[in-house]
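# Sequence and predicted structure, then a few things I'm wondering about:
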Amino acid sequence: MSTTASTPTRVTFLGPRGTFTEQALQNFISAGQLPADSEGVPVSSPKAALDAVRAEEADYAVVALESVVDGPVAQTEDALATGEPLQIIFETLVPVVFSILVRPGTRAEDVRTFTTHPVAEAQVREWIGAHLPNAEFLPATSNGAAAQTVAEGGADAAAAPARAGELHGLQALAEGVADVRGAYTRFVLVQRPGAITPRTGDDRTGVIFTLKNEPASLMTALSQLATRNVDLSRISSRPTHEEDSPYGFHVGIVGHIEDASVAEALAGLHRSTNELRFLGSWPRAVLEEQPTIPPAGSTPPDYSESQAWVRSLLERGTH
């Protein structure tokens, strides 16, 4: 899809407005990774956000990839693994703290039902248990949707960003709620396959692969990374419902495809897996107030000297 001055860049995100995903979208704009006049398009799920990009109904999608508290976001992983391949070009980290939002006049003792996204529920579970022990949890499609549900009378309280309360005319029973201090969620900016984001020297590469259902297949695949001293930043698995390859493995690699060791490891994975899907290489994001989080991992080894030695041998006969 091409864009013009009269057609702003369309970016899908998990809605409605007031979600952490919308905040991530604003982060990408502030960082200059999206145009300032980008149009945010709220959708109902990560899959819907990504499918709109596949269908060329949107230029980009912003989706949550990983919560430091609850781990990988399964809906996003599944949506990246199926359908036409897409490419991650940037990431951003959004600190996660919640307001407990209610309709004006509601007291803590009045709360019988509580709603938020399941990933968010894991991040406020202890607080809810201590302060709203009798509240029944009602899963929501997003934190913004949870706030909207409370405003419409479908639940008594929601855990959501403070902005969601402002948008829906709610008041806060508590602010700055988070069971794990310093928690954040990693969001990624996704487009249709194209030019790879340039190497910075502090990068991440993502792949998804499936394996034959036989002994040691995962060990063989991971050995392609280990033998080249290429570090992992994350690994998870998701069921594929396919008899010959029952699981798909989502792997984050420390480094960029332009790093020779990473390129060799990817080539080895291509040879030793059933299917290998490249998700892109992009710069690692950090939080200014927490520059050491997440761990940087080990920098990929420099193969330039050994590659130069091989080239010198090949060139002997040409002089």
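It's in.
# Let me see the ranges of the helices in this structure.
20-30, 46-54, 74-81, 118-131, 143-151, 162-168, 217-226, 260-272, 304-314 (DSSP state H).
# right, and these - which one's nearest residue 37?
Residue 37 sits nearest to helix 20-30 of all these, at 8.9 Å, using Cβ to Cβ. In this view, the C-beta of every residue, glycine as well, is placed from N, C-alpha and C.
# for the closest one, which positions count as buried?
20, 21, 22, 23, 24, 25, 26, 27, 28, 29 (16 or more other Cβ atoms under 10 Å).
# In JSON lines: those residues, plus distance to residue 74 and pLDDT.
Below are the buried residues of helix 20-30 laid out as JSON lines (distance: Cβ to Cβ, whole Å; pLDDT from 0 to 100):
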{"residue": "20", "distance to residue 74": "17", "pLDDT": "93"}
{"residue": "21", "distance to residue 74": "16", "pLDDT": "95"}
{"residue": "22", "distance to residue 74": "21", "pLDDT": "95"}
{"residue": "23", "distance to residue 74": "21", "pLDDT": "95"}
{"residue": "24", "distance to residue 74": "18", "pLDDT": "97"}
{"residue": "25", "distance to residue 74": "21", "pLDDT": "97"}
{"residue": "26", "distance to residue 74": "25", "pLDDT": "96"}
{"residue": "27", "distance to residue 74": "23", "pLDDT": "97"}
{"residue": "28", "distance to residue 74": "23", "pLDDT": "98"}
{"residue": "29", "distance to residue 74": "27", "pLDDT": "98"}
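# Take those and write them to JSON lines, including distance to residue 122.
Below are those laid out as JSON lines (distance: Cβ to Cβ, whole Å):
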{"residue": "20", "distance to residue 122": "14"}
{"residue": "21", "distance to residue 122": "17"}
{"residue": "22", "distance to residue 122": "20"}
{"residue": "23", "distance to residue 122": "19"}
{"residue": "24", "distance to residue 122": "19"}
{"residue": "25", "distance to residue 122": "23"}
{"residue": "26", "distance to residue 122": "24"}
{"residue": "27", "distance to residue 122": "22"}
{"residue": "28", "distance to residue 122": "25"}
{"residue": "29", "distance to residue 122": "28"}
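# Closest to residue 287 out of those residues?
Using Cβ to Cβ, the buried residues of helix 20-30 come closest to residue 287 at residue 27, 10.8 Å.
# For the closest residue to the closest one other than its chain neighbours, give its distance to residue 187.
Excluding its sequence neighbours, the residue lying closest to residue 27 (Cβ to Cβ, 6 or more residues apart in numbering) is residue 92, at 4.3 Å. Counting by Cβ to Cβ, to the nearest Å, the gap from residue 92 to residue 187 is 5 Å.
# ok so, going back, possible to save the helices of the chain as a markdown table with distance to residue 191?
A markdown table is the format used below for the helices of the chain (distance: least, Cβ to Cβ, whole Å):
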| stretch | distance to residue 191 |
| --- | --- |
| helix 20-30 | 12 |
| helix 46-54 | 7 |
| helix 74-81 | 13 |
| helix 118-131 | 24 |
| helix 143-151 | 24 |
| helix 162-168 | 26 |
| helix 217-226 | 26 |
| helix 260-272 | 20 |
| helix 304-314 | 31 |
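# Mean pLDDT lowest where, among those helices?
The weakest mean pLDDT among the helices of the chain belongs to helix 304-314, with a mean of 86.
# Output stretch 16-25 as CSV, nothing but the C-alphas.
The C-alpha coordinates for stretch 16-25 follow below in CSV (Å, rounded to 0.1, in the frame of the first residue of the first chain):
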residue,chain,number,x,y,z
PRO,A,16,-10.4,0.3,21.9
ARG,A,17,-8.4,3.5,22.6
GLY,A,18,-6.8,3.7,26.0
THR,A,19,-4.8,0.4,25.8
PHE,A,20,-1.1,-0.1,26.4
THR,A,21,-0.9,-1.0,22.7
GLU,A,22,-2.0,2.4,21.8
GLN,A,23,0.7,3.8,24.0
ALA,A,24,3.2,1.7,22.2
LEU,A,25,2.0,3.1,18.9
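# Kindly report the domain assignment for this structure.
Taking the TED database as the reference, the chain has its domains at 9-96+182-195, 99-175, 197-297.
# Relative to residue 312, which of those is closest?
domain 197-297 (16.1 Å).
# now for the closest one, what's the gap between its first and last residues?
End-to-end distance for domain 197-297, by Cα to Cα, to the nearest Å: 20 Å.
# what's the answer for stretch 76-85, then?
End to end - Cα to Cα - stretch 76-85 spans 13 Å.
# Kindly report the same for stretch 235-243.
Length of stretch 235-243, first residue to last, Cα to Cα: 22 Å.
# got it, and stretch 288-306?
OK, stretch 288-306 end separation, Cα to Cα: 37 Å.
# State the number of residues packed around residue 176.
Counted with other Cβ atoms under 10 Å, residues neighbouring residue 176 total 10.
# surely it meets residue 96?
No. The criterion here is Cβ atoms under 8 Å, and residue 176 misses it with residue 96 at 10.8 Å.
# Fine, thanks again, bye for now.
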